[in-house]
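[1] What follows is a protein structure lacking sequence information:
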């Protein structure tokens, strides 16, 4: 007779941590004045173990692939967004900066949900002003379309279920990874494909044609484009109401090409680039919702080979490019 | 046990042809095994739905399939699957230790047989991930915390310890006893020690008993059933922490581990690389 089998989870041993590549205090590969993106680089994803005295003990390699990392990371986010307890929290506490930052769901205090909070403000306003019309949203670097999920939860929670992303949005996500787009499609298989479109491509090449969007969003992906400033300018131009951006900038006139942890070039905007974005935003303002110095980022080491000194000169703006200043009385204009 | 070791898990950047790392970005748990599993599931589904091998071939998915022994397990499951007179091509599987379901996804498109019923047995904490990853697919499934009563010998019971321990699931379960207690067709994927009984920490920090291969073989042989075995020495051995620092001169002194695939049921004898217990 087969006994009842139950699978339980074992708490893992907690290892001490170590840093195999601590950043140099200064004089590492790049400083804020020159880039390091011309190096030929390789990646590896590893578990490294060392004895207390630093002696290497063991190494275990996982197959290294940027798409796998992104797919895993964003799927995890989507999974957390779909937690019924999170929806209940927002229903009870409301959709606000306070409910996002009260510690109940630490993920909500991170960059991406904070930008969704800005989008939510715009969506609610547009839905009220034009109740019979869908709001079009372009998501540059959409990965598994997890923004759609959080926006849906926020809309439902803030409207007693009256507003729902599948009924309100005309969503168009663009990503360069076929894997994450496949995941986005499979995880949203119940949505009407006329109002939930996924496109494979590089953001610099994206041709909106005659199509215009009410809103656009990019959480850092503008920096991975072949033409970061040009691509962002175009996105701002084809967005009628607002563009919401996470935008890394350095304390210099000109931007710099660095290397990301994916061993790929990544561009950090300089003041001149932000001036160009403002010029592209004719009649609109660049509003600052937040600025996170890189040294306080939750995902440090995003840039390869940066000295501590160089890291201290970088940071990430949370920007809203819009003429709907009435919706953001709490935000200041970016001073350039 | 090496619980006093220090650990760094992350992504390193090297200048090409250099061993000197330029950057280390720590990774979270969700970037590791679960990311590999989820990406594999999506790539396999894309293959099934579009017929395109682009994702499966381009990504380093093949390496991950090897570490989960998906091909070997599928071959074994199909061999022990009892043929139903009303539907000879149907396949019913109960998988204990399914993780987030990469074997389930692989079986959906395995070809020769059509998966007609699938039940995953795992801890409650994994249920929601399983539902999100597989819920929108056309093939329905059950997820349960305990193995249902042996309703029929028509289901193949898969005891997938190799998958389960990657998530820290079922590390203290007696997988061998479960296999011995099964009366229907069964496939066991069990990490074993090639020397004496051992207990080792995985790189994820979970202590796992590794029964001695010879003791497992003896128990299966003496069970009264006809078991067939395929030991794979050295299988993903680095998943376990060594007792001593891994230096070239010490590597031969490490206790060896391997994966044991054991099957009992219908046409188990037809499996080419398997021998009697």
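    Happy to help now that I have it. Because the structure is a prediction, the values reported are computed rather than measured.
[2] okay, residue 51: pLDDT?
    Using chain A here. As predicted, residue A:51 sits at a pLDDT of 92.
[3] you looked at the wrong chain, it should be chain B
    Reported pLDDT for residue B:51: 89.
[4] do the same with residue A:21
    87.
[5] residue contacts, the residue lying closest to it once chain neighbours are set aside?
    Distance criterion C-beta to C-beta, 6 or more residues apart in numbering or on different chains; nearest residue to residue A:21, sequence neighbours excluded, is residue B:24 at 3.9 Å. C-beta: built from backbone N, CA, C; applies to glycine. Applying C-beta atoms under 8 Å, 6 or more residues apart in numbering or on different chains, we find residue B:24 in contact with A:19-21, A:301, B:8, B:10-13.
[6] who touches residue B:56 in this structure?
    Residue B:56 makes contact with B:43-44, B:46-47, B:62, according to C-beta under 8 Å, 6+ apart.
[7] Go ahead and confirm residue A:13 touches residue B:202.
    No: checked against C-beta atoms under 8 Å, the pair residue A:13 and residue B:202 is beyond contact range at 9.4 Å.
[8] for chain A, which spans come out with low pLDDT?
    With pLDDT under 70 as the threshold, chain A has low-confidence stretches at A:1-3, A:25-39, A:298-300.
[9] all helices of it, in order?
    A:66-81, A:84-93, A:97-100, A:111-129, A:146-158, A:165-168, A:178-187, A:228-237, A:271-280, A:308-311 (DSSP state H).
[10] just so I know, which of those lies nearest chain B?
    Evaluated over the helices of chain A, closeness to chain B peaks at helix A:66-81, with 2.0 Å, by C-beta to the nearest C-beta.
[11] So which other helices or strands are in contact with the closest one?
    helix A:146-158, helix A:178-187, helix B:33-50, helix B:127-134 (3 or more C-beta pairs under 8 Å, 6 or more residues apart in numbering or on different chains; DSSP states H and E).
[12] now do 10 Å
    When contacts are defined as 3 or more C-beta pairs under 10 Å, 6 or more residues apart in numbering or on different chains; DSSP states H and E, helix A:66-81 packs onto strand A:41-50, helix A:111-129, helix A:146-158, helix A:178-187, helix B:33-50, helix B:61-68, helix B:127-134.
[13] what's the residue closest to the geometric middle of chain A?
    residue A:219 (3.1 Å; C-alpha atoms, centre = their mean).
[14] my guess is that residue meets residue A:248, correct?
    No: taking contacts as C-beta atoms under 10 Å, residue A:219 lies outside contact range of residue A:248: 11.0 Å.
[15] what sits in contact with each of these two?
    Counting by C-beta atoms under 10 Å, 6 or more residues apart in numbering or on different chains, the common neighbours of residue A:219 and residue A:248 are residue A:316.
[16] which strand of the chain spans the most residues?
    With no chain named, the answer covers chain A. Secondary structure of chain A per DSSP state E: the longest strand is strand A:239-250.
[17] wrong one, chain B
    Per DSSP E, chain B has its longest strand at strand B:6-15.
[18] any idea which helix or strand of chain B has the worst average confidence?
    Least confident helix or strand, chain B: helix B:54-58 with a mean of 84, by mean pLDDT, DSSP states H and E.
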